[in-house]
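1. Return atomic coordinates for the entry below.
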Amino acid sequence: MVWGQCGHKAYSLGDFCAQQDIGKISLLKIDIEGGEYEVMSAFSSEAWEKIENVFLEYHDLQPRDHESLKKILQNNGFRIKITTSSFVNDLGFIFAWRET
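-> Numbers count the residues shown, from 1 in each chain. Take a look at the predicted model:
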């Protein structure tokens with residue numbers, strides 16, 4: 001556990017899963033307005049192993065873009081489907097799943 005900049009407690013995904021005795025995450029939904037890069041980069045390999053599917057909204061924020069999120073997911077064993085928003089150019093969605 002760490003204290004966030006705004007004074008709130010923050011837990012890593014791995015710590016939260018251990019504390020709550022979570023062995024498997026069927027679907028992880030991420031919609032954190034550009035924070036997806038920092039959060040996903042901080043997941044441990046043990047945390048990634050618990051996740052079966054991911055659905056996330058991405059924001060292409062320079063110098064980062066959704067290709068870096070795609071690489072993180074692929075490096076952790078996921079297949080990827082990317083859909084770009086038809087309303088906003090730098091916004092889209094990624095669905096990632098593991099082959100069974």
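2. can you tell me which helix or strand the most centrally placed residue in the chain belongs to?
-> Nearest to the mean C-alpha position of the chain, by C-alpha atoms, centre = their mean, lies residue 40 at 4.3 Å. Here residue 40, judged by DSSP states H and E, is contained in helix 36-42.
3. Alpha carbons only: can I get that helix in CSV?
-> These are the backbone C-alpha positions of helix 36-42, laid out as CSV (Å, rounded to 0.1, in the frame of the first residue of the first chain):
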residue,chain,number,x,y,z
GLU,A,36,-3.9,3.5,-18.1
TYR,A,37,-0.2,3.8,-19.1
GLU,A,38,1.1,4.2,-15.6
VAL,A,39,-1.3,1.6,-14.1
MET,A,40,-0.7,-1.1,-16.6
SER,A,41,3.1,-0.6,-16.6
ALA,A,42,3.1,-1.1,-12.8
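4. Which positions in that helix come out as buried?
-> 36-37, 40 (16 or more other C-beta atoms under 10 Å). Yep, even glycine has a C-beta here, placed from its N, CA and C like the rest.
5. roughly how far out does that helix sit from the chain middle?
-> 6 Å (C-alpha atoms, centre = their mean, to the nearest Å).
6. longest helix anywhere in this structure?
-> helix 66-75 (DSSP state H).
7. quick one: average pLDDT of that helix?
-> Across helix 66-75, the average pLDDT comes to 92.
8. So what touches it?
-> Contacts made with helix 66-75 from outside it, assessed by C-beta atoms under 8 Å, 6 or more residues apart in numbering, are listed as 36-37, 40-41, 54, 56, 58, 60, 80, 82, 92, 94, 96.
9. Now render those residues as JSON lines, adding distance to residue 30 and pLDDT.
-> Putting the contacts of helix 66-75 into JSON lines (distance: C-beta to C-beta, whole Å; pLDDT from 0 to 100) gives the following:
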{"residue": "36", "distance to residue 30": "5", "pLDDT": "81"}
{"residue": "37", "distance to residue 30": "10", "pLDDT": "83"}
{"residue": "40", "distance to residue 30": "7", "pLDDT": "85"}
{"residue": "41", "distance to residue 30": "12", "pLDDT": "85"}
{"residue": "54", "distance to residue 30": "7", "pLDDT": "96"}
{"residue": "56", "distance to residue 30": "4", "pLDDT": "93"}
{"residue": "58", "distance to residue 30": "9", "pLDDT": "89"}
{"residue": "60", "distance to residue 30": "15", "pLDDT": "81"}
{"residue": "80", "distance to residue 30": "14", "pLDDT": "95"}
{"residue": "82", "distance to residue 30": "14", "pLDDT": "94"}
{"residue": "92", "distance to residue 30": "13", "pLDDT": "91"}
{"residue": "94", "distance to residue 30": "9", "pLDDT": "94"}
{"residue": "96", "distance to residue 30": "10", "pLDDT": "96"}
